[in-house]
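Undergrad: Compute the structure for the input listed below.
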Amino acid sequence: MEIVETGGLPLCVAGAMSEFEPLLSGLCFPEAPRWRDGRLFFSDMHAHLVMSVDEAGQSERVAEIAGRPSGIGWRPDGTMLVVSMIDRKVVALKGSELVTVADLSHLATWHCNDMVVDLKGRAYVGNFGFDLHAPGVTLTPDVMPTLQKAALVLIDVDDQVRIVANELAFPNGTVITPDGNSLIVAETMAGRLTAFDIAEDGSLHKRRLWAQLENLSPDGICLDAAGGIWVASPFSNECLRVEEGGSVTHRITTDRGCFACMLGGADGCTLFACTAVEFEPSRARQLMAGRIERAPAPFGPAGLP
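TA: From the prediction side, this is the model:
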């Protein structure tokens with residue numbers, strides 16, 4: 001694969017997009033992939049583990065999170081932050097010890113999920129808004145818009161917490177643009193990507209539609225150097241690249257649900273995906289059919305995470 005430089009950001013000249021190939025198998029339910037220091041970090045959510053894997057497929061356990069790990073990020077000093085879903089907290093890994101950074105239980109209406117940490121060390125955390133696995137809950141297109149909405153919560157650099165956006169339909173994967181001026185969040189139950197301006201104090205303003213994704217439920221997302229967003233689509237078994245306004249430029253398929261994605265690799269030109277056959281916790285633990293998969297991407301990474 002040839003790589004060219006445009007404005008200091010890597011653009012990858014790749015051939016036709018192919019299907020994903022497995023990098024790491026036998027996982028429970030991988031989520032929240034992040035590329036850092038030559039490795040892909042991710043949460044094996046229903047196995048209660050934060051893990052990492054290199055490009056040769058060699059994996060390591062990083063931490064065990066009793067409350068189920070989800071979103072991952074790093075503060076400027078290198079401290080890893082991890083969302084602890086069930087108890088609705090964000091914890092920091094300090095050596096081998098986990099320390100609570102913030103308790104969001106009074107602001108999150110159900111389990112916390114994905115997170116993005118900005119360059120100042122502020123963390124934006126979403127939550128389900130409702131019990132996704134409750135008996136009788138059916139995720140059909142007619143039902144999803146009626147489900148309880150949720151807030152996006154900011155953990156500031158002093159660890160104080162506040163709501164910065166409300167009435168979101170399952171705020172999930174979140175990115176911050178390279179200039180630090182915009183935040184874009186996937187609203188899974190509304191089938192859309194929603195953008196905000198970021199104020200100096202981290203507050204969010206000027207809410208607007210970035211892209212409507214018809215008949216799709218966007219989960220994890222990542223931003224590329226050409227301004228497109230890769231969207232993991234769990235129910236259509238694919239990752240798709242979307243431009244502002246909703247135009248889909250690329251699709252890469254897999255044989256199972258695609259729940260999150262991240263650009264990385266030594267050259268930045270690999271799209272990693274977290275895939276699984278089942279997302280219900282007990283069935284996912286029985287199947288252990290989760291994977292980290294990868295495919296070549298046309299553009300390198302940009303922004304955060």
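Undergrad: where do the helices sit along the stretch 151-300 of the chain?
TA: Along the stretch 151-300 of the chain, counting by DSSP state H, counting those that start in this stretch, helices occupy 281-287.
Undergrad: ok, how many other residues are close to residue 192?
TA: Residue 192 has 20 neighbouring residues, counting by other Cβ atoms under 10 Å. In short, each C-beta sits where N, CA and C put it, glycine included.
Undergrad: wait, what's in contact with the nearest residue to it once chain neighbours are set aside?
TA: Nearest non-adjacent residue to residue 192, counting by Cβ to Cβ, 6 or more residues apart in numbering: residue 212, 5.0 Å away. Shown in contact with residue 212 (Cβ atoms under 8 Å, 6 or more residues apart in numbering): 191-192, 246.
Undergrad: what would those look like in a markdown table with distance to residue 123 and pLDDT?
TA: Output for the contacts of residue 212, formatted as a markdown table (distance: Cβ to Cβ, whole Å; pLDDT from 0 to 100):
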| residue | distance to residue 123 | pLDDT |
| --- | --- | --- |
| 191 | 26 | 95 |
| 192 | 23 | 96 |
| 246 | 28 | 97 |
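Undergrad: which one among these gets closest to residue 108?
TA: Comparing the contacts of residue 212 against residue 108 with Cβ to Cβ places residue 192 closest, at 20.9 Å.
Undergrad: what's the closest one in contact with, if anything?
TA: So residue 192 contacts 186, 209-213, 218 (Cβ under 8 Å, 6+ apart).
Undergrad: how about the strands in the stretch 201-305 of the chain?
TA: 204-212, 221-223, 229-233, 238-242, 248-253, 257-264, 270-276, 290-296 (DSSP state E, counting those that start in this stretch).
Undergrad: In the fifth one, which residues are buried?
TA: In terms of neighbour count (16 or more other Cβ atoms under 10 Å), strand 248-253 has its buried residues at 250, 252-253.
Undergrad: So, low pLDDT: which residues of the stretch 101-250 of the chain?
TA: By pLDDT under 70, the low-scoring segments of the stretch 101-250 of the chain are 130-147.
Undergrad: redo that, cut-off 80
TA: Low-confidence segments of the stretch 101-250 of the chain (pLDDT under 80): 129-148.
Undergrad: Would you mind putting the CA coordinates of stretch 243-263 into PDB?
TA: Output of stretch 243-263 as PDB, limited to C-alpha atoms (Å, rounded to 0.1, in the frame of the first residue of the first chain):
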ATOM      1  CA  GLU A 243     -19.300  12.200   4.700                       C
ATOM      2  CA  GLU A 244     -21.000  15.200   6.200                       C
ATOM      3  CA  GLY A 245     -24.500  15.300   4.800                       C
ATOM      4  CA  GLY A 246     -24.900  11.500   4.700                       C
ATOM      5  CA  SER A 247     -23.100  10.400   1.500                       C
ATOM      6  CA  VAL A 248     -21.700   6.800   1.900                       C
ATOM      7  CA  THR A 249     -18.400   6.400   0.100                       C
ATOM      8  CA  HIS A 250     -17.200   3.000   1.300                       C
ATOM      9  CA  ARG A 251     -18.500  -0.100   2.900                       C
ATOM     10  CA  ILE A 252     -16.600  -3.100   4.400                       C
ATOM     11  CA  THR A 253     -18.600  -6.100   5.400                       C
ATOM     12  CA  THR A 254     -18.200  -8.900   7.900                       C
ATOM     13  CA  ASP A 255     -20.200 -12.000   8.800                       C
ATOM     14  CA  ARG A 256     -21.300 -10.700  12.200                       C
ATOM     15  CA  GLY A 257     -22.300  -7.500  14.000                       C
ATOM     16  CA  CYS A 258     -19.800  -4.700  13.800                       C
ATOM     17  CA  PHE A 259     -19.900  -2.700  17.000                       C
ATOM     18  CA  ALA A 260     -16.900  -0.300  16.900                       C
ATOM     19  CA  CYS A 261     -14.000   0.800  14.700                       C
ATOM     20  CA  MET A 262     -10.700   2.600  14.900                       C
ATOM     21  CA  LEU A 263      -8.100   3.600  12.400                       C
END
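Undergrad: Buried residues of that stretch, list them for me.
TA: Residues of stretch 243-263 classed as buried by neighbour count (16+ other Cβ under 10 Å): 250, 252-254, 256-263.
Undergrad: Now do the same contact list for residue 266.
TA: 38, 55.
Undergrad: From residue 89, how far out is it?
TA: Here the criterion is Cβ to Cβ, to the nearest Å. By it, residue 266 lies 34 Å from residue 89.
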